[in-house]
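**Student:** got a predicted model here, sequence first, then my questions.
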Amino acid sequence: MFSNSLIEADRRHLIHPVTAWRGHEARGATVLTRGQGMYLTDGDGRDLLDAFSGLWCVNIGYGHENVVEAAAEQMRRLPYATGYFSYASEPAIRLAERLATLAPAGLDRVYFTQGGSDSIDSALRFIVHYWNAKGQPTRKHVIALDKGYHGSSSNGAGITGLPAFHRLFDLPHGWQHHIPAPYGYRHAAGDDPQAVIAASVASLRDKVAALGAENVAAFFAEPVQGSAGVLVPPKGWLAAMRATCTELGILLVVDEVITGFGRTGPMFACEHEGVSPDLMTLAKGLTAGYAPMGALLLSEEIYAGIADGPDNHLPIGHGATYSGHPVSAAVGMAVLDLYEDGILDNGIARAPQLAAGLATIAGHPLVGDVRQAGMLAGIELVADRATKARFDPALRLPDLLTRAAHANRIIFRAFADGTIGLAPAISCDEADMDELLARLTATLDDVLDRPDVRAALR
């Protein structure tokens, strides 16, 4: 009855993110009550293996007491400190210094945000300020990737290249543009890596030429497009886009909200190709979901361009009450300790085990494509493996997958196009990974056994 009363209260009062509101009311919430390691417990006492790290964020797994203690100790000592009026707290200063040390070369300035969407929105505001301060006020246009995800703020959602975030929101704005994603499985250039890279470079150059280089401010990109269904670009793609942005004289913003903090192997996915962006957005793994926090890292050139602009004795008019919150910063420091004390190495060690399991799953009758970058993976399901045709949306495949997953006590993300997203905790051990792969396979088998799914296969 306790659980039922919560579900009814949820229906009446709690608005859930990125949800069909009436559909959610009909379904009702699954109330989560506890978490330990890779496992969550729901209101019915069922243990669920979390193969998605909450929402790409609980990289260290649940239940790390040292992180809880760091938050509690900071809360006792100083639960809040404003960053306004030149005040600061030690945890915020220490975390900023540490991030600058760990980040790609040149990203020495850190602005703390309240999450990923806020990091993107802050990047947009600082970019506008930078170009205005530099005496180039026509640089207002921003380019991003189709299917990319850059949050759901009023401006960030327009840079996001997913229709659900545009529908009935009057987005994208006229200054927001998209070029094709480096989606090898369905790319017009085919799946040849060099052809995909060349096509992306050409698309960016063509878009900048059409808009006029003097009017373009920046190009935004994720190293791996998570919410697109884990689209992994060919090796060398990010470096090529960095070189193209430099050639064209526009800023490169790398969105590492999902890929940062060991998700693809190294601390940041930029490290795979030695790329240093002009700005980099962070969140999720920064605190491993234990407290809300994000960050925006700026190069010294961007920082100086803003700091030394006209009327620089006046405040830079961008801020937030909880920027650099000391409790979140203390959590971030404790989480970074865990990454550097072995969890990052553990994720690198587990990735081949995930790859081996995915190689087996790739032969499943429902599977058309498997994509992986470290502890991040996408499994694209198709009705016809030869033609790559997707299932008819009327089948509601994502709903079937979610229900079958719950029955098999596993949580993953089922995207609207029929792709399964995986982002297991990088702290998981060998047994956890074996169990994840077993439950995932059982889920695919259960969906395949449905007569309506069998009938849809070609």
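**Tutor:** Happy to help now that I have it. A quick note: this is a predicted structure, and the numbers were derived from the prediction, not measured.

**Student:** residue 31: neighbour count?
**Tutor:** By other C-beta atoms under 10 Å, the residues close to residue 31 number 15. Any C-beta I mention is one placed from the backbone N, CA and C, and that applies to glycine too.

**Student:** could you check the pLDDT of it?
**Tutor:** Listed pLDDT for residue 31 reads 94.

**Student:** hang on, it packs against residue 43?
**Tutor:** Yes. Applying C-beta atoms under 8 Å, one finds residue 31 in contact with residue 43, separated by 3.9 Å.

**Student:** which elements pack onto the host helix or strand of residue 4?
**Tutor:** Using DSSP states H and E, residue 4 sits in helix 2-13. The contact analysis (3 or more C-beta pairs under 8 Å, 6 or more residues apart in numbering; DSSP states H and E) places helix 2-13 against no helix or strand.

**Student:** list the buried ones in that helix?
**Tutor:** For helix 2-13, burial by neighbour count (16 or more other C-beta atoms under 10 Å) applies to 6-7, 10.

**Student:** quick check: the nearest residue to residue 171 once chain neighbours are set aside vs residue 177, distance?
**Tutor:** With C-beta to C-beta, 6 or more residues apart in numbering as the criterion, residue 171 has its nearest non-adjacent residue at 4.1 Å, and that residue is residue 158. Counting by C-beta to C-beta, to the nearest Å, the separation of residue 158 from residue 177 is 10 Å.

**Student:** one more: residue 418?
**Tutor:** 28 Å.

**Student:** mind checking the end-to-end distance for stretch 26-34?
**Tutor:** Using C-alpha to C-alpha, to the nearest Å, one end of stretch 26-34 lies 25 Å from the other.

**Student:** report the buried residues of it.
**Tutor:** Under the neighbour-count rule (16+ other C-beta under 10 Å), stretch 26-34 has 29-30 buried.

**Student:** same deal with stretch 397-409?
**Tutor:** Buried-residue list, stretch 397-409, by 16+ other C-beta under 10 Å: 397-398, 400-405, 408-409.

**Student:** same check on stretch 98-105?
**Tutor:** 98-99, 102-104.

**Student:** more neighbours: residue 158 and residue 177, which one.
**Tutor:** With neighbours defined as other C-beta under 10 Å, residue 158 and residue 177 compare such that residue 158 has more, 24 against 20.

**Student:** which stretch of helix or strand covers the more buried one?
**Tutor:** Going by DSSP H and E, residue 158 is part of helix 156-159.

**Student:** tell me the first helix or strand C-terminal of that helix.
**Tutor:** Criterion used, DSSP H and E; the element after helix 156-159 is strand 176-179.

**Student:** how far off centre is stretch 50-62?
**Tutor:** 12 Å (C-alpha atoms, centre = their mean, to the nearest Å).

**Student:** start and end of that stretch, how far apart?
**Tutor:** Terminal-residue distance, stretch 50-62 (C-alpha to C-alpha): 10 Å.

**Student:** what of stretch 138-153?
**Tutor:** Span of stretch 138-153 from end to end, C-alpha to C-alpha: 23 Å.

**Student:** and that stretch, what's its mean pLDDT?
**Tutor:** In the prediction, stretch 138-153 has an average pLDDT of 98.

**Student:** tell me which residues in it are buried?
**Tutor:** 139-145, 147-153.

**Student:** for these, which one is nearest residue 329?
**Tutor:** residue 151 (21.2 Å; C-beta to C-beta).
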